[in-house]
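>>> have a look; sequence and predicted model below, questions after that.
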Amino acid sequence: MDETEAPPAPAPNADEVVPSPAKPVYDLDDPALYLNRELSWLEFNQRVLEEALDPRNRLLERVKFLAITASNLDEFYTKRMGWLKQAYAKDPRFTTVDGLTIAEQMEQVIARCKRMHAAIDAAWHESLGPELADHGIRIVRFGDLEADARGTLTAYFEQAIFPVLTPLVVDPAHPFPFISSGSLSLALNVRHPGTGQDRFARIKVPGNRPRFVDAGDNRFVLLEDLIISHVGMLFPGMDVTESYEIRVIRSAEMGSPGEEADDLLEVIESALRRRRLAQAVSLEVSGDLTDSRRELLLEELQLREGDVYSTAGPLGLADLFQLASLPISHLCDVPFTPATPSWFQGSNDSPSFFSTLRERDILVHHPYESFDKTVVQFVEQAAEDPQVLAIKQTMYRTSPDSPILEALIEAAGRGKQVAVLVELTARFDEANNIEWARKLESAGVHVAYGLPDLKIHSKISLVVREEAAGVTMYAHVGTGNYNSRTARTYTDLGLFTSDARICGDLLRVFNFLTGYGELAETEVLLAAPVNLRRELVRRVQREIAHARSGRPARVAFKMNALEDFELTRLLYEAAQAGVQVDLIVRGICRLRPGLPGLSENVRVVSVIGRFLEHSRVYYFANDGEPEYFIGSADVMKRNLDERIEVLAPVRGAEHRRQLDELLALMLEDRRQGWRLLDREWSRDSSVTAEGAHSLLLARAPFS
């Protein structure tokens, strides 16, 4: 035997017990156990993009998903890239819980965003665009149209487009024009034929005109193509020697309004004005951009070369929503009409509706059950009912034509006490909320804005009614916004109740928001920032204790994001202890399931389908006495510590059964469901069975 060779291991004795390999030991504070927030968010958008590429979806639905993907990526740039750039400017070496420095995150995120940009473009050019053409829906060049069609579009341009356009040139008398976030622009080189002098010029493509101009016979011309085909009208006597499209994305970060703000409304209005001038975070370019023009744009926008994405175009594919809405039935999903629960049918008589709530809670599931026929009707009936004394309501995001707020204005006009808590800093909805706040105030509604450092994110409504037995309160606690428009496409849950403890807790929350003092402990609600984190932690620790005692133990959370480090760490600990951990996470997930000896008991599922999964459900097995909560909070630090959030208990046996069914459908969905294993999301794309959304459409309403 060669002396460098190890002797052979002795054969094991048949009676000898061979020890099992030792389980790996994990340090739960190891950054490697936690996925990066930004990259996890982008992986969610990749799952949305996969719906655009999935041939099992109808063609115009796929176009819609591509538009959503492009819109989501814009939102990521405005929110998260803006934050990264601010953090980088402060300290590029700052490290987040996943162990990456801000500088490393910037590098990886920019690379990932560019790959996603390229994938979106490829999906359009190589797949959806050609498939639309196969079905007779074509994007054509203006110059390729026949003379009659060109004449029709020229007349349209002269009447409806030309008066809107403003050509801006850069010269000693005209500084470089401000380019607003998300707007599409034509960047031109304009030459004087006599002197040969060149000038840079910009034309903003109007966002209030259809991006895809109807040329007849399901043919469409891009608006920018129509403009450039008539650019001579904007620069008479000049030669336009270069043209390309550009698009700038700016940060949406406005910063904190500050604790010393005397008038929060004025502060937010001022911040909105500043946002228009916010830092640029990316530049998209379509066309052959010369080096000199590239340098000019980078200098004026204060961007680096790495912030530029070049493509063959078109830019701004979120505008594909216009094509996705074409009324071609065989290319779209079958239209869906929400059900009206039996408890709300024919209940125009307010007393009978409130008497139903005195007898039992009602749980509704939107959009499968109508938001307008349940939540809106609840507020409208309260506004009309002469026995209602007061209505208290939060407003985070709502539609410009909100029937709920109109009903509250009507209620104030009838002499009821109406208080509305308006969240002015709901990102991208600030202007709409400010307009509503002023309208409500002018109608005599008590409007409050909460605290500058605590967003009002809870979805709560409270009605106070004079009855024979005394003053009685009725409440609605929801998982989604009081917005009739988004309620048609977002899945959300709502609990109607007259439970005195829930209503009493809500009254304390409203008094805190409109008054002055500390938020008191709630009796049955889990409310942030007072006890939501503590109570979630306590309940997970209780499951851990059950598992260590040999009893069955399980938690199941349905949410938009799992981002908070403390709760993610605790879920690892629970899984190690033997707790079954089931997570239905739409977007960000920091946890890595399936790690041997650590997270083998964890299932992480993400369901992407016809409706945006938005409801939040929290389940704890509790040794045979299960607890269920629904509400507005995700497992994110901002929701647990920096917002006003409410989770309400669901106690009815039938409602619990329905929530069990909802969680089971989502966890077992092999049609629309994705599963996370360690760092990779995957699904069985060969499955053609119905997904959770389709099954829910076919089931009876919750109530």
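Everything's here; your move. Computed from a predicted model, the values in this text were never measured in an experiment. Numbers count the residues shown, from 1 in each chain.

>>> only C-alpha atoms from now on, for both contacts and neighbour counts.
Will do.

>>> how about the helices in the stretch 251-400 of the chain?
Using DSSP state H, counting those that start in this stretch, the helices of the stretch 251-400 of the chain run over 264-276, 291-301, 321-324, 350-359, 377-384.

>>> how near is residue 175 to residue 564?
46 Å (CA to CA, to the nearest Å).

>>> who has more neighbours out of the two?
Neighbours per residue, other CA atoms under 10 Å: of residue 175 and residue 564, the larger number sits with residue 564, 19 against 10.

>>> which ones are touching the more buried one?
635-637 (CA atoms under 8 Å, 6 or more residues apart in numbering).

>>> output those as CSV; include the columns neighbour count.
Below are the contacts of residue 564 laid out as CSV (neighbours: other CA atoms under 10 Å):
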residue, neighbour count
635, 25
636, 21
637, 16
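
>>> from the residues you listed, which land in helices?
residue 637 (DSSP state H).

>>> and the contacts of residue 564, which is closest to residue 228?
Distances from residue 228 to the contacts of residue 564, taken as CA to CA, are shortest for residue 636 (46.8 Å).

>>> pLDDT wise, what is the closest one at?
pLDDT for residue 636: 97.

>>> straight-line length of stretch 170-185, end to end?
15 Å.

>>> follow-up on the earlier one: and the helices of the stretch 251-400 of the chain, which one averages the lowest pLDDT?
helix 264-276 (a mean of 48).

>>> residue 319 contacts residue 209, doesn't it?
No: between residue 319 and residue 209 there is no contact under CA atoms under 8 Å: 11.1 Å.

>>> who has more neighbours, the two?
Set residue 319 next to residue 209 and count neighbours by other CA under 10 Å: residue 319 wins out with 19 against 12.

>>> show the contacting residues for that one.
67, 211 are the contacts of residue 319 under CA under 8 Å, 6+ apart.

>>> give me the pLDDT value at it.
97.

>>> quickly list what residue 198 is bridged to.
residue 191 (DSSP bridges).

>>> and for the one 5 residues further on?
Beta-bridge partners of residue 203, counted by DSSP bridges, are residue 167, residue 186.

>>> renumber starting at 53 from here on
Renumbered: residue one is now 53, and that last one reads residue 255.

>>> mind giving me the packing neighbours of the longest helix seen in the chain?
Longest helix of the chain, by residue count under DSSP H: helix 154-174. With contacts defined as 3 or more CA pairs under 8 Å, 6 or more residues apart in numbering; DSSP states H and E, helix 154-174 has these neighbours: helix 89-105, helix 111-128, helix 134-142, strand 360-363.

>>> tell me what the helix or strand following it is packed against?
Downstream of helix 154-174, the first helix or strand assigned by DSSP states H and E is helix 181-186. The contact analysis (3+ CA pairs under 8 Å, 6+ apart) places helix 181-186 against strand 190-191.

>>> who touches the strand it packs on?
181, 184-185, 270-274.

>>> please apply the same query to stretch 233-247.
126, 249-259, 276, 287, 289-302, 328, 332, 367-368.

>>> mind listing what's buried in it?
Of all the residues in stretch 233-247, those buried under the rule 16 or more other CA atoms under 10 Å are 233-243.

>>> quick check: end-to-end length of it?
End-to-end for stretch 233-247, by CA to CA: 35 Å.

>>> what of stretch 340-359?
17 Å.

>>> now swap in stretch 727-736 and tell me
Start-to-end, stretch 727-736 (CA to CA) is 9 Å.

>>> buried residues, that stretch. List them.
727-730, 733, 735.

>>> for it, what is the distance to the chain centroid?
21 Å (CA atoms, centre = their mean, to the nearest Å).

>>> same question, stretch 587-598
With CA atoms, centre = their mean, you get 29 Å for stretch 587-598.

>>> just the CA coordinates for it, please, in CSV.
Output of stretch 587-598 as CSV, limited to C-alpha atoms (Å, rounded to 0.1, in the frame of the first residue of the first chain):
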residue,chain,number,x,y,z
GLU,A,587,-48.5,40.0,19.5
LEU,A,588,-47.3,38.4,16.3
VAL,A,589,-44.0,37.5,18.0
ARG,A,590,-45.9,36.1,21.0
ARG,A,591,-48.1,33.9,18.9
VAL,A,592,-45.2,32.5,16.8
GLN,A,593,-43.3,31.8,20.1
ARG,A,594,-46.4,30.0,21.4
GLU,A,595,-46.3,27.7,18.3
ILE,A,596,-42.7,27.1,19.0
ALA,A,597,-43.5,26.0,22.5
HIS,A,598,-46.2,23.7,21.2
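
>>> what's the distance between residue 370 and residue 103?
Distance from residue 370 to residue 103, by CA to CA: 15 Å.

>>> over to residue 464?
Distance from residue 464 to residue 103, by CA to CA: 46 Å.

>>> ok, residue 420 next?
21 Å.

>>> those two - which one has more neighbours?
Using other CA under 10 Å, the more surrounded residue of residue 420 and residue 103 is residue 420, with 27 against 22.

>>> alright, I will stop here.
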